[in-house]
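Undergrad: Provide a 3D model corresponding to the input given below.
(one chain, ligands or ions: 1)
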Amino acid sequence: MAPQSHSSHTFQVDLRGLVDLLSHHLYSSPRVYLRELLQNAVDAITARQALDPGAPARITVETGDGTLAVTDTGVGLTEKDVHSFLATIGRSSKRSADGGLDGTAIASARSEFIGQFGIGLLACFVVADEITVVSRSATTPGAPAVEWCGRADGSYTIRTLPPHAKPEPGTTVRLTPRADGTEWTRHDRVLELARHYGGLLRHEVTVTDARGTATRVNHTPPWERRHASPLARREALAEHCRSTFGFTPLDTIDLNLPVVGLRGVAYVLPTAVSPSQRAGHRVHLKGMLLSDQAPELLPDWAFFVRCVVDTTGLRPTASREALYEDETLGAVRDALGARLRDWLTGLAASDPTLLHRFIDIHHLAVKALARHDDALLRMLLPWLPFETTDGNVTLEEFARTHPTILVTRTVDEFRQVAPVAAAAGLGVVNGGYTYDHDLVHRLPEVRPGTAVENLDPATVTAHLDAVDPTAELAAAPFLTVAREVIGVHDCDVVLRSFQPVTAPALLLDDREARHERTRSELAGAADGLWADILGSLRTEAPRAQLVLNHLNPLVRRAVTITERGLAGVTAEALYGQALLLTRRPLRAAESALLNRAFLGLLDHAMHDHDDTQGGSATRKEL
Ligand SMILES: Nc1ncnc2c1ncn2[C@@H]1O[C@H](COP(=O)(O)OP(=O)(O)OP(=O)(O)O)[C@@H](O)[C@H]1O
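TA: Numbering: from 1, shown residues only. So this is what the prediction gives:
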């Protein structure tokens, strides 16, 4: 058999296609070009300082003459480096395998670099068609300066420059923006971007305009600076928070995790926010802003703070706009969560006034937190407010007067039952708000000797006074009619005495009973398989109860009605009114009942009118 012939080829890269991919799918905006340039400058300075700790460390961004230039006093590039790293996409001198920058000092500085992917420079092609790099290497003292000119079509030229063209080691990267890129290279925009990305960089960064006026953009953050007094520090941090996030913090929590080289602060929001709104934290990586929208830095429950942190130990994604989700990030999130919890529990001992203010604003956050954290629950439960039949009080206060605490499941149940229960001496907590029902049920763990029960209709009726037998007997004919008319709605009717006298009737109903009624209604309307399934779900749910208040003057008169039609309409009207007070959506049969009761009463009122006008009407006696 004839040997097969092999020929070897090299991949070709369509640079325009690649840039298009990056700009549309990796980077959120063309503005990232400046971040990539600043980052390369920082890495070059890091590499040079590893060789010579006394080397200058300056980054200058020049704008103005239609081009943009970033100059650094970093390690620079030899001609060989240029071919190897600048002109090879995906190759980076900052990864150990590529080993471009020789020397053990630089090798050990590698973990300090921000870049790693070898694609950052391509971001410049998003705003310019041509990039010129003039560089002189600090690693090879005699090597000449080189000029590399790369174009978006994938071609590049390289030439050696005379020594005076670049007397000192370092690099200048110059861009001539395209027409659609000038928006991103204007002086004011560049200044804003340099402050945004480079505000916390550790080396001096200045932006100069066409007249040569230089503005320093980076500063030591206030949590790193020395301050004359704790008050001065607090004010500096508050000012930083105002300029960064636009609010004055309620308090500032220092964050410090040496294992991942993380320092920063968490500013406590002075106003409540929705717990579902995920907070945007500012995360810097080795000084460079990685993201100003990083919710993944903190646990979800920590929605009451905004953080600014600078770290060396977390990894960016390739877009460099988010944190890479790994075990380290998980551990950092837990550690920062623990720090916030310590701050909260510490406040209880050190600054109760501030804790009160915090809880006034953020009690929802604390409640969300306490559900999953026993230590916090124990510590903070005494401070948390709940709506109860004694007003807005803490559970601790409430439990002192009510050894058995009843809790409703919905706000409407509470609204309806609270006045009656309070008058009967029952202690009821509104469990209808987010987290409250669960938290109240956990009270016995924290406060032994307290009992917590769900409020059910039977508990309330047990606390309503029975009426005396003669009154019950006198009301019997009316009650019989009422039970007949209301019974079709799966509701019993009873007569009791309770406060307040202004309430004619109380409808005690619970969820299971309501669900059961809805189920049987559906089963009635359905057929075949669906009806069988609904039928198999049948449970013996307790019926609802309409409790008529014998202390109420209207009810006292109603129970003496002897005319059957009027008794039925009156019972329906009382039921309808109690039904409306529950504020739950009405079912079709209930709306029809209300309608009927209203028209029936109107009819009776008009009969009375006819009677007084001398007309006659036949009424059926009970
Ligand atoms: N200002 C500079 N000084 C010295 N070398 C530079 C400079 N800018 C770029 N380089 C060299 O060019 C290489 C490629 O840069 P590029 O920005 O594309 O990728 P990177 O910084 O290595 O990684 P990343 O894609 O993560 O940014 C770098 O690894 C570095 O060797």
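Undergrad: any idea how far the closest residue to the ligand within the stretch 201-350 of the chain lies from P221?
TA: Going by C-beta to the nearest ligand atom, the ligand is nearest to R320 of the stretch 201-350 of the chain, at 7.0 Å. C-beta here means a position set from N, CA and C on the backbone, and glycine is covered the same way. Using C-beta to C-beta, to the nearest Å, we find R320 at a distance of 21 Å from P221.
Undergrad: show the contacting residues for I89.
TA: Residues near I89 by C-beta atoms under 8 Å, 6 or more residues apart in numbering: V13, L15, L18, G118, I119, L122.
Undergrad: now, those residues that are in helices?
TA: L15, L18 (DSSP state H).
Undergrad: among the contacts of I89, name the buried ones.
TA: The neighbour-count test (16 or more other C-beta atoms under 10 Å) applied to the contacts of I89 identifies L15, L18, G118, I119, L122 as buried.
Undergrad: of all the residues you listed, which two lie farthest apart?
TA: Using C-beta to C-beta, the two most remote members of those are L15 and G118, lying 14.0 Å apart.
Undergrad: quick one: low-confidence parts of this structure?
TA: Low-confidence segments of the chain, defined by pLDDT under 70: 1-5, 23, 95-111, 275-276, 510-542, 613-622.
Undergrad: domain map for it?
TA: Following automatic domain parsing, one finds the domains of the chain at 15-216, 222-353, 463-610.
Undergrad: what segments of the stretch 401-550 of the chain are strands?
TA: Secondary structure of the stretch 401-550 of the chain (DSSP state E, counting those that start in this stretch): strands at 404-407, 428-429, 451-454, 465-466, 491-497, 505-508, 544-549.
Undergrad: let's have those in a markdown table, adding mean neighbour count and distance to L594.
TA: Formatted as a markdown table, these follow (neighbours: other C-beta atoms under 10 Å; distance: least, C-beta to C-beta, whole Å):
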| stretch | mean neighbour count | distance to L594 |
| --- | --- | --- |
| strand 404-407 | 22 | 30 |
| strand 428-429 | 28 | 28 |
| strand 451-454 | 14 | 29 |
| strand 465-466 | 12 | 29 |
| strand 491-497 | 20 | 14 |
| strand 505-508 | 25 | 13 |
| strand 544-549 | 24 | 14 |
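Undergrad: can I get those in JSON lines with distance to G246?
TA: Formatted as JSON lines, the strands of the stretch 401-550 of the chain follow (distance: least, C-beta to C-beta, whole Å):
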{"stretch": "strand 404-407", "distance to G246": "40"}
{"stretch": "strand 428-429", "distance to G246": "37"}
{"stretch": "strand 451-454", "distance to G246": "42"}
{"stretch": "strand 465-466", "distance to G246": "59"}
{"stretch": "strand 491-497", "distance to G246": "55"}
{"stretch": "strand 505-508", "distance to G246": "49"}
{"stretch": "strand 544-549", "distance to G246": "52"}
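Undergrad: Serialize those strands to TSV and add fields for distance to the ligand.
TA: Listed next are the strands of the stretch 401-550 of the chain as TSV, based on distance: least, C-beta to the nearest ligand atom, whole Å:
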stretch	distance to the ligand
strand 404-407	55
strand 428-429	56
strand 451-454	56
strand 465-466	79
strand 491-497	71
strand 505-508	67
strand 544-549	67
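Undergrad: still on that earlier bit, dump the contacts of I89 to TSV, plus distance to the ligand.
TA: Below are those laid out as TSV (distance: C-beta to the nearest ligand atom, whole Å):
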residue	distance to the ligand
V13	13
L15	12
L18	12
G118	4
I119	4
L122	6
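Undergrad: widest-spaced pair of the contacts of I89?
TA: Once C-beta to C-beta is applied, the contacts of I89 give L15 and G118 as the farthest pair, at 14.0 Å.
Undergrad: show me what from the stretch 151-300 of the chain comes close to the ligand.
TA: Residues of the stretch 151-300 of the chain lying close to the ligand by C-beta under 6 Å from any ligand atom are T171.
Undergrad: how about the stretch 151-300 of the chain: which residue is closest to the ligand?
TA: T171 (3.8 Å).
Undergrad: what lies in contact with the strand or helix carrying that residue?
TA: Using DSSP states H and E, T171 maps to strand 170-177. With C-beta under 8 Å, 6+ apart as the test, strand 170-177 has contacts from 33, 37, 40-41, 44, 66-74, 76-77, 121, 124, 127-136, 138, 166, 181, 184-185.
Undergrad: can you dump the C-alpha coordinates of the next helix or strand after that strand into CSV?
TA: Note on strand 170-177: by DSSP H and E, the next helix or strand toward the C-terminus is helix 182-185. Extracted in CSV, the C-alpha atoms of helix 182-185 (Å, rounded to 0.1, in the frame of the first residue of the first chain):
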residue,chain,number,x,y,z
THR,A,182,-14.0,58.9,19.4
GLU,A,183,-16.8,59.0,21.9
TRP,A,184,-14.7,56.7,24.2
THR,A,185,-11.4,58.5,23.8
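Undergrad: who are the packing partners of helix 182-185?
TA: Helices and strands touching helix 182-185, as assessed by 3 or more C-beta pairs under 8 Å, 6 or more residues apart in numbering; DSSP states H and E, comprise strand 170-177, helix 187-198.
Undergrad: on that earlier part again, restricted to strands, list the contacts of strand 170-177.
TA: Among the contacts of strand 170-177, DSSP state E puts 68-72, 128-136 in strands.
Undergrad: and the ligand, which of these contact it?
TA: Among those, the ligand is touched by D72 when using C-beta under 6 Å from any ligand atom.
Undergrad: so which helix or strand takes in V61?
TA: Taking DSSP H and E as the criterion, V61 maps to strand 58-62.
Undergrad: tell me the angle of that strand relative to strand 170-177?
TA: 20 degrees (axes from the mean of the first three to the mean of the last three C-alpha atoms, to 10 degrees).
Undergrad: what angle do strand 58-62 and strand 68-72 make?
TA: Going by the same axes, to 10 degrees, strand 58-62 makes 170 degrees with strand 68-72.
Undergrad: show me what strand 58-62 packs onto, helices and strands only.
TA: Using 3+ C-beta pairs under 8 Å, 6+ apart: strand 58-62 touches helix 32-51, strand 68-72, helix 187-198, strand 204-208.
Undergrad: could you list the residues in contact with that strand?
TA: For strand 58-62, contacts defined as C-beta under 8 Å, 6+ apart pick out 34, 37-38, 41-42, 45, 68-73, 190, 194, 198, 201, 203-208, 214.
Undergrad: buried among those? Need that as a selection in PyMOL.
TA: In PyMOL syntax, the buried subset of the contacts of strand 58-62 is picked out as below (16+ other C-beta under 10 Å):
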select buried, resi 34+37+38+41+42+45+68+69+70+71+72+73+190+194+198+201+203+205+206+207+208
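Undergrad: residue boundaries of the helices in the stretch 251-400 of the chain?
TA: Along the stretch 251-400 of the chain, counting by DSSP state H, counting those that start in this stretch, helices occupy 327-350, 352-370, 374-380, 395-401.
Undergrad: dump those helices to CSV, plus mean neighbour count and distance to the ligand.
TA: What follows is the helices of the stretch 251-400 of the chain, written out as CSV (neighbours: other C-beta atoms under 10 Å; distance: least, C-beta to the nearest ligand atom, whole Å):
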stretch, mean neighbour count, distance to the ligand
helix 327-350, 16, 18
helix 352-370, 19, 37
helix 374-380, 17, 41
helix 395-401, 18, 53
